[in-house]
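coordinates for the following, if possible.
(2 chains)
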Amino acid sequence: MLCEDIEVALKVGAIEKSKNLCRKGQGHFQALFTERTVPCIEGIETSEEKAIAKAAEILRDADSPLFYGWSNSSLEAQKTGIELAKKLESKIDDTSSFCQGILLERVLKGTLPSCALDDVRNFADVSVFWGSDPSNSHPRHLSRFSYYPRGSKRQKGYDQDRNCVVIDVRKSSTSKLCSNYLRIPPGSDAELIEALLAIQDGKMPRFGEKKRIIELATILKKAEFGVIFPGLGLIYSLTNKMEIFDGFLAKLNAISNYKVIPMGGHYNTRGFNELMLNETGYINQVSFKNGMHHGPENDVINAAKSCDVCVVVGSDPLSALPFETAHSLAKSKLIAIDPRKSLTTEAASVVIPSAMYGLEAGGTAIRMDGLKISFEPIIESDLLSDEELLRRIIEAV
Amino acid sequence: MEIRDIFQYEVGKKSRFSSEFQGLCAQIIIDKEDMAQLKMNGGQNVWLENDVGKVVVTARRTEDESHPGLGFMTNRLWSNQLVRVDGVGCLIPEFKAIKVRVSGSNKGVTKLSELLERMRR
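Okay, the predicted model is just below:
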């Protein structure tokens, strides 16, 4: 969540003391000291210079390269990566393709109304976590913005001033903290939306526990400023029926004031999507071969089947993607730019170590709500950033 | 169904290759009634199998509300062995709805090294 209020004192090889670090943050800082990558070509340690030269050589000879990842890298690196993909007439895609992209695109194009997290803290009286579980995915979300803090118009505390709703298929950690929890069967989100719309039209819902759903509809209706935080649970349930959600938001906004902030899981997914939208008119899944083309044939799942080289920056697709796709990527020539060892670096033909952003390198990123955040390095490092490494590759290809 | 777990995330940030991380990834949370049907209390290993792949993980028993027929795993290499890709488009809805057969196993949990080997084949 790009928390900018963290205070950390480091000693050799460990964190001495910290303030405002969540568990994810603790893990991130401790990662400075463990499982760091070294420059490698085909599993043999080499120099950074030779690894960059080899990556450039592989890319020069590539027929169908793919550039993938980007969500855990800076805006500057993403911009340089897009430039390199253009120069090599490659395909480029990011993690949003199979995560929050379908919703982020709607937010970025203005189809869904959104707002800043600071507005949530100051004005929101209803926060809806729909298929999302911030206690596990964004641990400080509730305490900084969406439930517990006092804001300029929410001075009485969370138990009097705010309603927090969790809609999920299971009793998640977040549902145990919030005032309202509605459990629904997996894949039934569209039916729930239809039931809520029916209640707004004065009809009885034909889905689930009618009393609970009428209670939820009443909470939603009475909100002065409501915010929905959709997670992958909602997105995968609706998949190609997202217009149902658009219609639901429009209806809610006819009687109240509702915004949507997708719960992006990586710190700079939105940054890549914004850059791509400005550059190409699309947020992801673009090929620069013979001009510029967009479509599902360029998403990582399909592109992995046909690419001969894949450059991975700011991601670990071999760990996070379905086996079949990971297998295809592992069979291609992988070039991994990563500060830390991962399954992707284990399988890569070329590994180029980079500095960790926010710790060893500075830069900027776009938070889930669209706020641009700048960060400075907190320790000195000889390692180059993703941006600098990609710039070197551009010069060498 | 794949879920997020902050403990797994923290450990994974520190070490993707530690036995602690592998233990947190290679497990499935199963409903009490389903565990009883499998004649298990929790902590035993199970085969998860479908037409996409198979893997051995540790079964854990739910301590909260019941959810018969539904199991939960974190998104990592073990769950991803079972996720279908063909014909589902880029959104991969099977991340949240992976259908598997569950049966007892006297084998050890599938090791990370074995999964990496499968990937390289």
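
any idea how many residues pack against whatever residue of chain B ends up closest to chain A?
As assessed by CB to the nearest CB, chain A sits closest to B:Lys13 within chain B, at 3.0 Å. For every residue, glycine as well, the C-beta is placed using N, CA and C. Using other CB atoms under 10 Å in any protein chain shown, B:Lys13 has 21 other residues around it.

which residues sit in contact with it?
When contacts are counted by CB atoms under 8 Å, 6 or more residues apart in numbering or on different chains, B:Lys13 touches A:Lys24, A:Gly27, A:His28, A:Gln30, A:Ala31.

how about A:Ser73?
By CB under 8 Å, 6+ apart, the residues touching A:Ser73 are A:Gly81, A:Asn268, A:Val313, A:Gly314, A:Tyr357, A:Asp386.

any idea how far it is from chain B?
To chain B, A:Ser73 is 16 Å away according to CB to the nearest CB, to the nearest Å.

pull up the pairing partners for the worst-scoring helix or strand of chain B on mean pLDDT, direction included.
Sorted by mean pLDDT, DSSP states H and E, the helices and strands of chain B end with strand B:2-3, the least confident at a mean of 86. With DSSP bridges as the test, strand B:2-3 is paired with strand B:73-74 (parallel).

contacts for the strand it pairs with, please.
So strand B:73-74 is in contact with B:1-5, B:8, B:24-25, B:27-29, B:57, B:79, going by CB under 8 Å, 6+ apart.

looking at the residues you listed, state which has the most neighbours.
Result: B:Ser79 is most packed of the contacts of strand B:73-74 (other CB under 10 Å), 27 neighbours.

about what we covered before: chain B next: which of the contacts of B:Lys13 are close?
A:Lys24, A:Gly27, A:His28, A:Gln30, A:Ala31 (CB under 8 Å from any CB of the partner chain).

so who does the fourth one touch?
By that I understand A:Gln30. A:Ala14, A:Ile15, B:Lys13, B:Lys14.

just the buried members of these?
Restricting those to buried positions leaves A:Ile15, B:Lys13, B:Lys14, with burial counted as 16 or more other CB atoms under 10 Å in any protein chain shown.

which of those residues fall in strands?
If you go by DSSP state E, the buried ones among the contacts of A:Gln30 have A:Ile15 in strands.

nearest to A:Ser127 among the buried ones among the contacts of A:Gln30?
Checking these against A:Ser127 by CB to CB gives B:Lys13 as the nearest, at 26.9 Å.

need the contact list for the nearest residue to the closest one once chain neighbours are set aside.
Residue nearest to B:Lys13 in three dimensions, not counting chain neighbours: A:Gly27, with 3.0 Å by CB to CB, 6 or more residues apart in numbering or on different chains. The contact partners of A:Gly27, by CB under 8 Å, 6+ apart, come to B:Tyr9, B:Glu10, B:Val11, B:Gly12, B:Lys13, B:Lys14.

just flag the most distant two among these.
B:Tyr9 and B:Lys14 (10.1 Å).

which residues touch stretch A:141-151?
With contacts defined as CB under 8 Å, 6+ apart, stretch A:141-151 is touched by A:1, A:3, A:117-118, A:120-124, A:127, A:134-135, A:156-158, A:161-162, A:164, A:174, A:177-178, A:227, A:229, A:263.

repeat for stretch A:176-189
For stretch A:176-189, the external contacting residues (CB under 8 Å, 6+ apart) are A:129-131, A:135, A:142, A:147, A:159, A:163-171, A:175, A:192, A:207-208, A:212-213, A:215-216, A:219, A:233-234, A:237-238, B:1, B:65, B:70, B:96-97.

let's see it at 7 Å
By CB atoms under 7 Å, 6 or more residues apart in numbering or on different chains, the surrounding residues in contact with stretch A:176-189 are A:131, A:135, A:142, A:163-169, A:175, A:192, A:208, A:212, A:216, A:219, A:234, A:237-238, B:1, B:70, B:97.

can I have the buried ones of those residues as a ChimeraX selection?
The following ChimeraX line selects those of the contacts of stretch A:176-189 that are buried, judged by 16+ other CB under 10 Å:
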select /A:131,135,142,163,164,165,166,167,168,169,175,192,208,216,219,234,237,238 /B:1,70,97
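
which residues make contact with stretch A:216-229 from outside it?
By CB under 7 Å, 6+ apart, stretch A:216-229 touches A:115, A:120, A:123-130, A:132, A:146, A:163, A:165, A:180, A:182, A:196, A:199-200, A:252, A:255-261, A:263.

list the buried residues of that stretch.
A:Leu216, A:Ala217, A:Ile219, A:Leu220, A:Ala223, A:Phe225, A:Gly226, A:Val227, A:Ile228, A:Phe229.

among the contacts of A:Gln30, which pair sits farthest apart?
The widest separation within the contacts of A:Gln30 (CB to CB) is 14.4 Å, between A:Ala14 and B:Lys13.

now do the helices for chain B: every range, in order, please.
For chain B, the helices defined by DSSP state H cover B:6-14, B:19-25, B:32-37, B:77-80, B:112-120.

and the stretch 1-150 of chain A, which residues reach chain B?
Within the stretch 1-150 of chain A, the positions lying close to chain B (CB under 7 Å from any CB of the partner chain) are A:23-24, A:26-28, A:30-31, A:34-35, A:97-98, A:102, A:133, A:136-137, A:139.

contacts only, for residue 78.
Unless you meant another one, I'm taking chain A. Counted by CB under 7 Å, 6+ apart, A:Gln78 has contacts A:Trp70, A:Gly271, A:Phe272, A:Leu275.

actually it's chain B I care about, not the one you picked
Each residue near B:Trp78 by CB under 7 Å, 6+ apart is listed here: B:Cys25, B:Ala26, B:Val55, B:Val57, B:Thr110.

so where's chain B shaky on pLDDT?
B:87-91, B:93 (pLDDT under 70).

which one of the contacts of B:Trp78 is nearest to A:Leu10?
Nearest to A:Leu10 among these, with distances taken as CB to CB, is B:Cys25, at 28.3 Å.

for the strand ranked longest in chain B, name the packing helices and strands.
If you go by DSSP E, chain B has its longest strand at strand B:54-61. In terms of contacts (3 or more CB pairs under 7 Å, 6 or more residues apart in numbering or on different chains; DSSP states H and E), strand B:54-61 is packed against strand B:27-30, helix B:32-37, strand B:45-49.

out of those, which one sits most buried?
With neighbours defined by mean count of other CB atoms under 10 Å in any protein chain shown, none of those is more surrounded on average than strand B:27-30, at a mean of 22.
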